[in-house]
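> here you go, sequence then predicted model.
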Amino acid sequence: MENILLEALKTSSIDFNIDSDEKYQYELIANGEEKIVTRLRKYFEDCDEFIISVAFITMGGISLFLEELKNLENKGIKGKILTGDYLTFTEPKALKKLLSYKNIDLKVATNRKHHTKAYFFRKGNIWTLIVGSSNLTQGALTVNFEWNIKINSLENGKIIKSVLETFNREFDNLKTLTEEDIENYQKRYEQLKKLIEVNNQNLDLDEIKPNSMQIQALKNLEETRKENDRALLISATGTGKTYLSAFDVKQAKAKKILFVVHRKVILERSKISYQRILKNKNMKIFDSNFQINDKDEVVFAMVQTLNKEKNLNIFPKDYFDYIIIDEVHHGGAKTYQSIFEYFKPKFLLGITATPERTDDFNIYQLFNYNVAYEIRLQDAMKEELLCPFHYFGISDIVIDGKSIDEKTSIKNLTSDVRVKHILEKSKYYSYSGERLSCLIFVSKVEEAKVLVEKFLEQGIKAIALSSENSDNEREEAIRKLEQGEIEYIISVDIFNEGVDIPCVNQVILLRPTTSAIVYIQQLGRGLRKHKNKAYTVVLDFIGNYEKNFLIPIAISQNNSYDKDFMKRFLMNATDFLAGESSISFDEISKERIFENINKTNFSNRKLIEEDFKLLEKQLGRIPYLYDFYEKNMLSPTVILKYKKDYDEVLKNIAPKYRAGNLNNIEKKFLIFLSTFFTPAKRIHEMLILKEILIKQKLNIKEISLPNQENNIRNAFEHLSKEIFKTLSTTKSFEPVLYKKDEEYYLDENFRNSYKNNPYFKILIDDLIKYNLAFAEKNYNNFVKESVKLFGEYTKQEAFWYLNLNFNNGFQVSGYTPFENERKLLIFITMDNLSERADYSNQFYDSQTFSWFSKSSRYLRKDNKLTIEGKIAENFYEINVFVKKNNGENFYYLGDVEKVLSAKEIKDSQGKSMVKYIFKLKKDVKKELLDYFNM
């Protein structure tokens, strides 16, 4: 170990070219692609002792590590935490939480300016020290511009001895914190808090100004209004849709405004919001006693009241010059239709967070497909428009040997043991603010009622709400939650939308996830900002549900259904999120989701049909592959696994939408391009195809990509099928080009079909457009390289793009040498559960990994170097392609810099094999490394 640390020190401080174990090199840890919290979580998960010395601690900072701290306590791993009371910034609630852990010795430095920021972790006899600028706070560990240096040391190293001695000298002279100490500190904390509140008491009276995204939305609305009389605004829950509409009313200089809602509970709140923006306008709520008064400039109405014929007739059809319809995705209902049909405003604005309704009504068509602006969840989080959340995926309990699932009885869903489990988790993961205001979502009315009874029996104040409750009952329940008269509202669907409860600081999901839309609606109930909370806690009780895979889709807002992305998201979900939010899954819940992803076939008719219908509504026409990609819908790759080409997809899911037919040759062209060039892993083939469709013939020099001559020639050979001569599966396909002398010509049949069959032209143009967009976004970050580092490739694509001729139909297992080029391609499956499972490939760090040859292999045979021996002697340039398990593409990890060791060993059957240790030239991305090592 001494030599390992010494080499790492040389790399860190003398020459970065010196080989050493990256794990022990000095390193800058900052918020970026990987957040600081992610790195600290890994050290917490794998330590034998920890020490934290920071100036400030907040409950938001503690919440980032609740899962890890619980595991450390369960394992009995001791920790010391030292903080200060300087400026009374540290939160008493955070101190109380840390004091509750039996394994943590907590102390506070008083009467001096304790200002250290350091985290120490011991594993065996090695210490990892992280020292820099980051306090134990939510912002510092997620988004702030922070610098921390990580170093490693053995126990006898001078730096660790000096640091520990300094820390212990301070720590040992302080008494362990008690509850009484915290109570005394809290009094000082509350006094300062009151002073701050007094200084900011006029804050709510300040003029409200548009945020960054609202400014852009207002510009778009102004432009839209010049040519259109209506528009749709898509804005995530909590991003200020009502304020935005008021800002636009103001900039449009509208004189008579109608604002329509579908819930009484938001009627008055909408009026209050408008009064803050349009201070000089007279406003009135429409009711049974309403009479027109020219002084009333803004009218607020419930759709259920306004839609009645006698009420509509109170107004001339053109009375309002600006009408806003809130939650307009309900626009297909008769109550709304009568309003749309009656009024003729100068401008109609529909606002919604969820236009992707799965019913038959087309909300996009209603607004002539004019979407003025979209503010989605991730964008809103990035712009800090929403309250950060800390999400915890918690495994639901097992009752009588069975996991909770969709078929679980009410009796088991509301059993005493489950109620205890829910309340324990609610208490442990806590909340931000002075008191708990929690929304619980369940799937059955009876379940909600019984849970409330069980809560009340334990002295916990709760109310059940469902569609059975009146608006007045709902309003009263919300008032009680806001005033602290109850702690929990247990809801069945009714709070998915159309309700504004900013005080909510904990959301509990006790229902199976059946819709990504509903999931985000429910999570969004806690994301409105509120002066008394810094974050919202989301507790998702994950049972053995059929659609658990929707969880990563919903939270990431990536609707591609790409299995590899879902799995990588689960491994490092916090790093995928914008802003200060975090995500944590316990091991059982993570395993349940992984299992669900692995066993589910996403290339199925139902899923494709659902997205097809949603897109058709949004576009007002037949969606093609590029549309799915551009609109962040189901991945074209997933779609084309259902059928070989998009024409075949349309035949099966929407035959009436086919804009024509294809003959046999056209079909062969389409399948050829869809099978071998989609999705495109480089732009070359599609650029050639795009150009030759215009010019009819091309030579290599006419494609202007610098330093790409070999790749361009290779791409021409692909499209002309020259490179496929030995691949039997392509014999039934038609080449797109043919070569004559030094020119390539567009196939005559292809040319004629493209010119004379509009449907064939649409499908070909769509393939070109999608593939160019995909390749430019994902694979065009190289100039000289034939394949992109960390790009995804099949085996055959790896050979093609590396310009390697391979003539056995790509039936490759393990590795393939190319003697003339002195090149070797290695294909590694990390979860290779063969008879050699005991000899598993693994990464030791981001550059170094082990790999095992096939059985019956030797370094030398008949006194000559074998292929395995040549590998050991660094004879080949080795390209490494790795995947997690079967059924996935390989990730290209670049070249091997050096074979560090090669040793003959025996497999489980006594046969000889070779174990290698390789070092890559480039570090593997952390998200991939975690995924491979999972």
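Perfect, I can see it now.
> which ones are touching Asn71?
44-45 (CB atoms under 8 Å, 6 or more residues apart in numbering). For every residue, glycine as well, the C-beta is placed using N, CA and C.
> low-confidence ranges in the stretch 201-350 of the chain?
Filtered on pLDDT under 70, the stretch 201-350 of the chain yields the residue ranges 201-206.
> all the strands of it, residue numbers only.
Assigned strands in the stretch 201-350 of the chain, in chain order: 230-235, 257-261, 283-285, 298-302, 322-326, 347-352 (criterion: DSSP state E, counting those that start in this stretch).
> again, but for the stretch 751-900 of the chain
Going by DSSP E, counting those that start in this stretch, the stretch 751-900 of the chain shows strands at 792-793, 815-818, 823-829, 842-843, 848-852, 860-861, 864-865, 877-883, 890-906.
> so where's the protein uncertain?
Ranges of the chain meeting pLDDT under 70: 196-206, 357-359, 498, 723-732, 780-784, 805-813, 832-839.
> and it, what are its domains?
For the chain, automatic domain parsing gives the domain ranges 2-195, 212-375, 382-599, 603-645, 659-778, 792-932.
> can I get those in CSV including distance to Lys651?
Shown next, in CSV, are these (distance: least, CB to CB, whole Å):
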stretch, distance to Lys651
domain 2-195, 43
domain 212-375, 22
domain 382-599, 21
domain 603-645, 8
domain 659-778, 10
domain 792-932, 26
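> quick one, which of those is nearest to Ile653?
Closest of the domains of the chain to Ile653 is domain 603-645, at 4.7 Å (criterion: CB to CB).
> end to end, how far does stretch 431-440 reach?
By CA to CA, to the nearest Å, the extent of stretch 431-440 from end to end equals 14 Å.
> which of the residues in it are buried?
431-433, 436-440 (16 or more other CB atoms under 10 Å).
> what do you get for stretch 543-557?
So stretch 543-557, judged by 16+ other CB under 10 Å, has buried residues 543-545, 547-557.
> also stretch 630-643?
Residues of stretch 630-643 classed as buried by neighbour count (16+ other CB under 10 Å): 631, 633-640, 642-643.
> can you give me the helices in the stretch 651-800 of the chain?
For the stretch 651-800 of the chain, the helices defined by DSSP state H, counting those that start in this stretch cover 664-676, 684-695, 709-719, 748-756, 758-778, 795-801.
> and the ones you listed: which comes nearest Asn370?
Of these, nearest to Asn370 by CB to CB is helix 758-778, at 22.9 Å.
> what about Asn803, neighbour count?
Neighbour count of Asn803, defined by other CB atoms under 10 Å: 15.
> kindly apply the preceding question to Lys777 instead.
Lys777: 10 surrounding residues under other CB under 10 Å.
> just to revisit the earlier point, would you turn the strands of the stretch 751-900 of the chain into TSV with distance to Pro502 and mean neighbour count?
Shown next, in TSV, are those (distance: least, CB to CB, whole Å; neighbours: other CB atoms under 10 Å):
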stretch	distance to Pro502	mean neighbour count
strand 792-793	42	21
strand 815-818	59	18
strand 823-829	49	20
strand 842-843	45	16
strand 848-852	49	21
strand 860-861	73	12
strand 864-865	72	11
strand 877-883	46	21
strand 890-906	43	18
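> okay if I get those strands as a markdown table plus distance to Asn714?
Shown next, in a markdown table, are the strands of the stretch 751-900 of the chain (distance: least, CB to CB, whole Å):
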| stretch | distance to Asn714 |
| --- | --- |
| strand 792-793 | 14 |
| strand 815-818 | 15 |
| strand 823-829 | 15 |
| strand 842-843 | 31 |
| strand 848-852 | 28 |
| strand 860-861 | 35 |
| strand 864-865 | 31 |
| strand 877-883 | 16 |
| strand 890-906 | 16 |
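> who's in contact with the residue nearest to the spatial centre of the chain?
Centroid-nearest residue in the chain: Ser556, 2.2 Å away (criterion: CA atoms, centre = their mean). Contact analysis of Ser556 by CB under 8 Å, 6+ apart lists 378, 565, 569, 573, 576.
> which among the strands of the stretch 751-900 of the chain is found nearest to Arg41?
Here strand 842-843 is closest among the strands of the stretch 751-900 of the chain (CB to CB), at 18.6 Å.
> so what strands line up beside that closest one?
strand 848-852 (antiparallel) (DSSP bridges).
> now for Lys411, how many residues are close by?
9.
> to clarify, my last question referred to Ile36.
Using other CB under 10 Å as the criterion, the residues surrounding Ile36 number 24.
> how much space between it and Ile542?
27 Å (CB to CB, to the nearest Å).
> isn't Tyr26 up against Ile151?
Yes - with contact defined as CB atoms under 8 Å, Tyr26 counts as touching Ile151 (5.2 Å).
> those two: which is more packed in?
Higher neighbour count among Tyr26 and Ile151: Ile151, with 21 against 13, using other CB under 10 Å.
> isn't that one up against Ile126?
No - Ile151 is not in contact with Ile126 according to CB under 8 Å; the separation is 11.0 Å.
> how about the strands in the stretch 1-150 of the chain?
Under DSSP E, counting those that start in this stretch, the stretch 1-150 of the chain gives strands at 27-29, 49-54, 79-84, 104-109, 117-123, 126-132, 148-154.
> which one, of the ones you listed, ends up nearest to Ala680?
Checked against CB to CB, the stretch from those lying closest is strand 27-29, at 36.2 Å.
> that closest one pairs with which strands, parallel or anti?
strand 148-154 (antiparallel).
> buried sites along the very next helix or strand once past the partner strand?
Downstream of strand 148-154, the next assigned helix or strand under DSSP states H and E is helix 158-172. If you call a residue buried by 16+ other CB under 10 Å, then helix 158-172 has these buried ones: 160, 163-164, 167, 170-171.
> packing partners of helix 158-172?
For helix 158-172, the elements it packs on are strand 49-54, strand 79-84, strand 117-123, strand 126-132, strand 148-154, judged by 3 or more CB pairs under 8 Å, 6 or more residues apart in numbering; DSSP states H and E.
> what do you get if the cut-off is 7 Å, keeping everything else the same?
Identification of packing neighbours for helix 158-172 by 3 or more CB pairs under 7 Å, 6 or more residues apart in numbering; DSSP states H and E yields strand 79-84, strand 126-132, strand 148-154.
> which SSE is immediately downstream of it?
helix 179-199.
> re the thing from before, who wins for proximity to Asn368 among the strands of the stretch 201-350 of the chain?
Among the strands of the stretch 201-350 of the chain, strand 230-235 comes nearest to Asn368, with 6.2 Å by CB to CB.
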